[in-house]
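> structure, please.
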Amino acid sequence: MINKSFLISIFTALVMISSNAFAVKDIPDVTNVKDIKQLIKEAKAGDVESQKKLGYIYEFGIDSVSIDSKKAVHWYNKAVEQNDTTAMRFLGKMYKFGIGVEEDIDKSRELFIKSAEAGNTTSQILLGIMHDVGDTVPKSDFEAVKWFRKAAEQGNVEGQYFLGVMYELGKGVPEDFVEAFAWYSIATSQGSFTAKQSKEALRDRMIIEDISKAQKLSKQYHDKIIVKK
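Residues are numbered from 1 along each chain as shown. Sure, this is the predicted structure:
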C-alpha cells in the first residue's frame, strides 16, 4: 500500500531542493531554435513567446548559447511585464534561489501567487505544496487543498491526484474516501499510474455502496472537467 504522506514528502523535497523543479511544466519549446539573433530581434519587438524562450535559453544554455543568468532574468522580466504566467513562475524561481538576481523571498512569493491566481496550474500545484510544508508561505492544509482543487478543476492531473490524497488523509478537508476515489479515478483516466495504484489500494478499504457513490461522482467530475475541456 502506497504511503501517501511519504510520496508527497518526496515530491516536495524535489521541489524545494531543485530550482529546475519550478520549470517542469509548460516549458518553452526551444528544440527548433536555429537563429538566436532572429529570436532576440523578435523578443526586442515585444513577442512574449520569444522573450520567454530567450529567458529559458540563457538560464540553461543550448548549443552555442552559454548560460547567462542575468540575461535570463532580463527576458523573463520582459515576459512578466506582458503578464505571461509561466514567466512569472520562472522569474519567481530565480528570486527564490538567487539565480541571476539577488535572492528575494518576498518577490518570489509574490510572483508565484500572481501566476497561480491568474490560473497557471503548475504554479497552483507548487503553491499548494509550499502551503503544505510552510515554505515561504504559512503552513496550511486548507490553503494547500484550495490550490490543489483549483488545478484539479482545470484538468491538471497532478492537482487531481494530490486533491485525492488530501481527501484520503483528511488533510485540510474531512476524511472522505468517496471524494478521494473519485479524484483518483479522474487522474487515472488521464494516464496517472500513481493515481491508479492509489485508487485500487483505496478500493480495498471501501464498502461496495461507497465505491458505487464514488464512481457516480467521478462520472460527474469527468463530464464537468474532462469532457468540457
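> use CA for all of it now, contacts and neighbours both
Fine.
> what about stretch 55-71, how long is it end to end?
7 Å (C-alpha to C-alpha, to the nearest Å).
> and what of stretch 65-85?
End to end - C-alpha to C-alpha - stretch 65-85 spans 25 Å.
> which other residues reach that stretch?
48-49, 51-52, 54-61, 87-88, 90-91, 94, 99-101, 114-116, 118-120 (C-alpha atoms under 8 Å, 6 or more residues apart in numbering).
> quick check on these: which are buried?
Neighbour counting with 16 or more other C-alpha atoms under 10 Å marks 48-49, 51-52, 54-59, 61, 87-88, 90-91, 94, 99-101, 114-116, 120 as buried within the contacts of stretch 65-85.
> can you tell me the helix or strand for the residue nearest in space to the middle of the chain?
The residue lying closest to the centre of the chain (C-alpha atoms, centre = their mean) is Thr122, at 2.2 Å. Assigned by DSSP states H and E, Thr122 belongs to helix 121-133.
> per-residue confidence averaged over that helix?
Averaged across helix 121-133, pLDDT comes to 92.
> what do you get for stretch 176-194?
96.
> for stretch 76-91, same thing?
Mean predicted confidence for stretch 76-91 is 96.
> got the end-to-end distance for it?
Stretch 76-91: ends 6 Å apart by C-alpha to C-alpha.
> can you point out the buried residues in that stretch?
76-80, 84-91.
> dump those to TSV, plus distance to Gly159.
Listed next are the buried residues of stretch 76-91 as TSV, based on distance: C-alpha to C-alpha, whole Å:
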residue	distance to Gly159
Tyr76	26
Asn77	27
Lys78	29
Ala79	26
Val80	24
Asp84	21
Thr85	17
Thr86	17
Ala87	20
Met88	20
Arg89	17
Phe90	20
Leu91	22
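> report the two of those residues separated the most.
Greatest spatial distance in the buried residues of stretch 76-91: Lys78 and Arg89, 13.2 Å, computed using C-alpha to C-alpha.
> show the backbone phi and psi for the closest residue to Val48 other than its chain neighbours.
Of all residues beyond its chain neighbours, the one nearest Val48 is Ala79 (5.3 Å), with distances taken as C-alpha to C-alpha, 6 or more residues apart in numbering. Backbone geometry at Ala79, expressed as degrees, to the nearest 10, gives phi -70, psi -40.
> do you know how far Ala79 is from Arg89?
Distance from Ala79 to Arg89, by C-alpha to C-alpha: 11 Å.
> equivalent analysis for Ser185, please.
Distance, Ser185 to Arg89, using C-alpha to C-alpha: 29 Å.
> out of the buried ones among the contacts of stretch 65-85, which sit inside helices?
When the buried ones among the contacts of stretch 65-85 are checked against helices (DSSP state H), the matches are 48-49, 51-52, 54-59, 87-88, 90-91, 94, 114-116.
> buried sites along stretch 184-195?
So for stretch 184-195, counting by 16+ other C-alpha under 10 Å, buried means 184-188, 190, 192, 195.
> ditto for stretch 125-143
For stretch 125-143, by 16+ other C-alpha under 10 Å, it's 125-133, 137, 139-141, 143.
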